[in-house]
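Asks: sequence isn't available, so here's the structure alone:
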């Protein structure tokens, strides 16, 4: 399924599911679980059906007894969930109108829980509170043909989309149960959790584990054979979300409910290979007078327990993450930016952490990466293996990524896949691994070269079609003008001055592409030609289409027999399709070949212009490797911005078109807010009868 198809499907499913809120008095947090429960059930049934076919195909046939029935064990051996008859999606969809559909869904959830102890009390069983008609409509929506054929990864994406949307609508206070995927992916790709025990003591909806699963699968391995997931979460609802999320993605984990400040459910001090988390920031009110806190082994640094003197719990979390690690373990976590420079007792703890040599990478993240918080944050990374390496223990990579982002909405930013890869390349270069950098640059250049060839082919076809349309219409207009002198304006409108120039640019691009290969110098020329052609070409086609449309209305050509016989609609549709292929479709947020060819070249250029030798070097305003003396000189600050400096060079990579697009997104968001506000004011006036 392509990106735009997935986005359409997600949006349609969300609109349908949001009916639960619109047609009930439930809060977002109350209706989120039933919706996620239906996604869970649909996915489980898809997997059940697929595996059932595979199992039955492999079962031996007995001469007298035939095939034996499939069993629960058959499904579990293939990492699928066994579903009793009355818990299968088709059973629920085919229930008669008279049936109590809410009760039937509740029972389906109960039957699944009876089969699996790890899901006991996890699945939602409050469907009876919704109307029968509403539930039937939801089942129908989730029974679409595209969903019947959907594989696990698609369902995982839909599940994550819904978690995201619930976070944005305030389904959970502070959106704490959902860490934006960009940040999770960054953490996973920096610490590379590929074996042993993976622990998240503030696991929310288990997003860290899901992305770890993807990371391991991308290496061609099976998560279940490589890692064991352990999670802890304070809220009951979030614990259930985590267990459901793991099940939806075909993963298993030991998720325990408990307040991490006072309970260590897994007793993993010194036992985790990887720790990753997005803990709640700036939590006040932890009772430090409790013995369990005062004697907590997770707070030991330099031989003693370190209790921050203020009420802020940030440095409790930071110490937990360090102490959970094995001597070779790595940690990655999200933290409030203020923690990087906090003073007094927190500064003393930070000094001790730096002196261990475990602090590996500090990455500053810009505003608006969270759905419910606009403030910036910092990603911290520990690598305890550095402690015993004299060369590495004194080094920390400071990486300022605050200017690196993609605008999703007026209030939400993230990293594009390429921006994320570029950041990971920098981390790998710092660690002395040049292979990731080389492969990424090569991949960008090869993608750009491949797209350039597609661009040339499409440009050739577009030119032919443009010439064909122009000739067809010009011949008609010239003939028509002989009989209708006022139609000379139509002939003049078709004599667009830029036509020859556009053909020349197209031909130059087509000729240049013949030399295209994964070479940055060759692709630089092609990228510039792509950028230079896009707008003039679009302008020419728009002028042509406008001229044809205006003439058709002015001269009532729809009644003209000769005009009808041209069958121009088909020709124009083909021209528009080729233009869309090259220039993209803004309505679908889908870029065209011209933009994509240039884009992937620019990604390669972004990396190679900053690291021309293919090895790590400090880059002003972006990254710097510092030692402990430099950190001490800045009062043990771990804020990247204090070290990397400011990039004062002329930014030739600055994309004015992209910035203009961002401004449009911001404007759209402000317009939406203005409309909503105006509606609220109007409703308030009506209520006041003014």
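Replies: Great, that's in hand. Computed from a predicted model, the values in this text were never measured in an experiment.
Asks: buried sites along stretch 624-631?
Replies: Neighbour-count burial for stretch 624-631, counted by 16 or more other CB atoms under 10 Å, picks out 624-626, 628, 630-631. Bear in mind the C-beta positions are built from the backbone N, C-alpha and C, glycine included.
Asks: wait, which of those is closest to residue 312?
Replies: Set against residue 312, the nearest of these by CB to CB is residue 631 (21.3 Å).
Asks: how about the closest one: what's its closest non-neighbour residue?
Replies: The shortest distance from residue 631 to any non-neighbouring residue, by CB to CB, 6 or more residues apart in numbering, is to residue 354 (5.6 Å).
Asks: cool, residue 217 as well?
Replies: Residue 217 sits nearest to residue 223 (CB to CB, 6+ apart), 6.7 Å away.
Asks: for the stretch 1-150 of the chain, just list every one of the helices.
Replies: Using DSSP state H, counting those that start in this stretch, the helices of the stretch 1-150 of the chain run over residues 3-17, 19-22, 28-58, 72-76, 89-93, 101-115, 132-141, 145-148.
Asks: cool, the stretch 551-690 of the chain as well?
Replies: Taking DSSP H, counting those that start in this stretch as the criterion, the stretch 551-690 of the chain carries its helices at 561-565, 568-583, 593-610, 628-633, 641-644, 656-688.
Asks: which strands and helices lie in contact with the second one?
Replies: Contact partners of helix 568-583 among helices and strands, from 3 or more CB pairs under 8 Å, 6 or more residues apart in numbering; DSSP states H and E: helix 435-483, helix 520-554, helix 593-610.
Asks: the first one vs helix 593-610, what angle?
Replies: Interaxial angle of helix 435-483 relative to helix 593-610 (axes from the mean of the first three to the mean of the last three CA atoms, to 10 degrees): 150 degrees.
Asks: could I get the average pLDDT for helix 435-483?
Replies: Helix 435-483 shows a mean pLDDT of 95.
Asks: next, the angle from that helix to helix 520-554.
Replies: For helix 435-483 against helix 520-554, the angle by the same axes, to 10 degrees is 30 degrees.
Asks: with the shortest one instead?
Replies: Orientation note: helix 593-610 sits at an angle of 150 degrees relative to helix 520-554 (the same axes, to 10 degrees).
Asks: who's in contact with the closest residue to residue 206 other than its chain neighbours?
Replies: Counting by CB to CB, 6+ apart, residue 206 lies nearest to residue 242, which is 3.8 Å off, once chain neighbours are set aside. Listed by CB atoms under 8 Å, 6 or more residues apart in numbering, the contact partners of residue 242 are 203-206, 209, 231, 233, 253, 255.
Asks: most distant residue from the centre of this structure?
Replies: Relative to the mean C-alpha coordinate of the chain, counting by CA atoms, centre = their mean, the farthest residue is residue 483 (60.4 Å).
Asks: thinking again about what came up before, of the contacts of residue 242, closest to residue 181?
Replies: Ranked by distance to residue 181 (CB to CB), the contacts of residue 242 are led by residue 205 at 11.4 Å.
Asks: just the element for that closest one, please.
Replies: Under the criterion DSSP states H and E, no helix or strand holds residue 205.
Asks: separation between it and residue 56?
Replies: Going from residue 205 to residue 56 by CB to CB, to the nearest Å gives 35 Å.
Asks: of the two, who's got more company?
Replies: With neighbours defined as other CB atoms under 10 Å, residue 205 and residue 56 compare such that residue 205 has more, 30 against 12.
Asks: any idea how many residues pack against the nearest residue to the more buried one once chain neighbours are set aside?
Replies: Of all residues not flanking residue 205 in the chain, residue 241 sits nearest, at 4.3 Å (CB to CB, 6+ apart). By other CB under 10 Å, 29 other residues sit near residue 241.
Asks: equivalent analysis for the one 4 residues further on, please.
Replies: Other residues within reach of residue 245 by the criterion other CB under 10 Å amount to 27.
Asks: and it, how far is that from residue 122?
Replies: Distance, residue 245 to residue 122, by CB to CB: 11 Å.
Asks: go on, residue 104?
Replies: Distance from residue 104 to residue 122, counting by CB to CB: 19 Å.
Asks: also residue 560?
Replies: From residue 560 to residue 122 the distance is 69 Å (CB to CB).
Asks: which one's more surrounded, these two?
Replies: Neighbours per residue, other CB under 10 Å: of residue 560 and residue 122, the larger number sits with residue 122, 23 against 14.
Asks: ok, that one - contacts?
Replies: 113, 239-240, 243-244.
Asks: rerun at 7 Å
Replies: Contacts of residue 122 were listed using CB atoms under 7 Å, 6 or more residues apart in numbering, and they are 113, 240, 243-244.
Asks: what's the answer for residue 571, then?
Replies: By CB under 7 Å, 6+ apart, the residues touching residue 571 are 468-469, 472.
Asks: pLDDT below threshold where in the stretch 1-150 of the chain?
Replies: The model of the stretch 1-150 of the chain has pLDDT under 70 over residues 1-7, 20-21, 23-29, 62, 79, 150.
Asks: rerun that using 90 as the cut-off
Replies: Flagging of the stretch 1-150 of the chain using pLDDT under 90 yields the residue ranges 1-40, 42-82, 97-98, 116-120, 126-150.
Asks: tell me which helix or strand of this protein sits lowest on mean pLDDT?
Replies: Here the helix or strand of the chain ranked lowest by mean pLDDT, DSSP states H and E is helix 656-688, holding a mean of 63.
Asks: ok, residue 87 - contacts?
Replies: Residues counted as contacts of residue 87 (CB under 7 Å, 6+ apart) are 108, 111-112.
Asks: generate a PyMOL selection restricted to the buried subset of those.
Replies: Under the burial definition 16+ other CB under 10 Å, those of the contacts of residue 87 that qualify are selected in PyMOL by:
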select buried, resi 108+111+112
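Asks: quick check, nearest of the contacts of residue 87 to residue 268?
Replies: The closest of the contacts of residue 87, once distances to residue 268 are taken by CB to CB, is residue 112, at 29.4 Å.
Asks: please name the nearest non-neighbouring residue to that closest one.
Replies: Nearest to residue 112 is residue 87, by CB to CB, 6+ apart, at 5.2 Å.
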